[in-house]
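**Student:** Structural data only, the sequence is not supplied:
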């Protein structure tokens with residue numbers, strides 16, 4: 001065998017090891033930066049804008065919930081295409097007129113998809129909130145707030161699954 005055909009052996013030097021480490025950690029940092037950007041654009045991570053203010057209002061919310069239970073109202077909401085139809089009755093099944101309010105249809109994973117709108121009276125015993133377009137299928141939180149004479153008398157948050 002001739003020694004002329006053998007390739008010279010390349011030695012692993014400190015410069016090679018340094019270049020491999022810099023390349024490895026460079027890739028890891030670049031992927032982390034991309035994932036961080038995607039994560040913060042798609043989900044803010046906040047359920048409330050100010051946890052401190054929500055904590056201060058906790059006792060008054062408990063009292064409001066007690067008053068709401070004492071009313072014994074039955075509020076049923078149904079999504080029908082591009083509108084939300086709401087039926088409000090008292091504990092005797094009698095329709096409650098002259099209510100104002102608003103509704104929020106919240107997509108739990110992304111606040112950017114939330115839909116908000118006022119509740120308007122409809123013929124008969126129903127109220128209606130118009131949506132700008134039909135909701136895509138999935139899980140939605142329906143938050144209904146009803147007021148009488150400017151004072152909140154009912155608040156409901158329910159998760160619904162739309163097909």
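**Tutor:** Sure, I can see it. Fair warning: this is a prediction, and the values are worked out from it, not measured in the lab.
**Student:** Tell me which helix or strand comes right after the longest helix belonging to the chain.
**Tutor:** The single longest helix within the chain, with elements called by DSSP state H, is helix 14-42. Next helix or strand after helix 14-42 toward the C-terminus (DSSP states H and E): helix 51-56.
**Student:** what's downstream of that following helix, the next helix or strand?
**Tutor:** Using DSSP H and E, the helix or strand that follows helix 51-56 towards the C-terminus is helix 58-71.
**Student:** Using the three-state scheme, assign the residue nearest to the spatial centre of the chain.
**Tutor:** Residue closest to the mean C-alpha point of the chain, counted by C-alpha atoms, centre = their mean, is residue 108 at 2.9 Å. Secondary structure, DSSP: H, G, I helix; E, B strand; the rest coil: residue 108 is coil.
**Student:** how much space between it and residue 70?
**Tutor:** As judged by C-beta to C-beta, to the nearest Å, residue 108 and residue 70 stand 30 Å apart. No exception for glycine: its C-beta is placed from N, CA and C like everyone else's.
**Student:** now swap in residue 156 and tell me
**Tutor:** According to C-beta to C-beta, residue 156 stands 15 Å off from residue 70.
**Student:** Please report how far residue 19 lies from residue 110.
**Tutor:** From residue 19 across to residue 110, the span is 41 Å (C-beta to C-beta).
**Student:** Likewise for residue 83?
**Tutor:** Note on residue 83: its distance to residue 110, by C-beta to C-beta, is 22 Å.
**Student:** Which one's more surrounded, the two?
**Tutor:** A count of neighbours by other C-beta atoms under 10 Å puts residue 83 above the other of residue 83 and residue 110, at 15 against 12.
**Student:** ok, now which ones touch the more buried one?
**Tutor:** Residue 83 makes contact with 128-131 under the criterion C-beta atoms under 8 Å, 6 or more residues apart in numbering.
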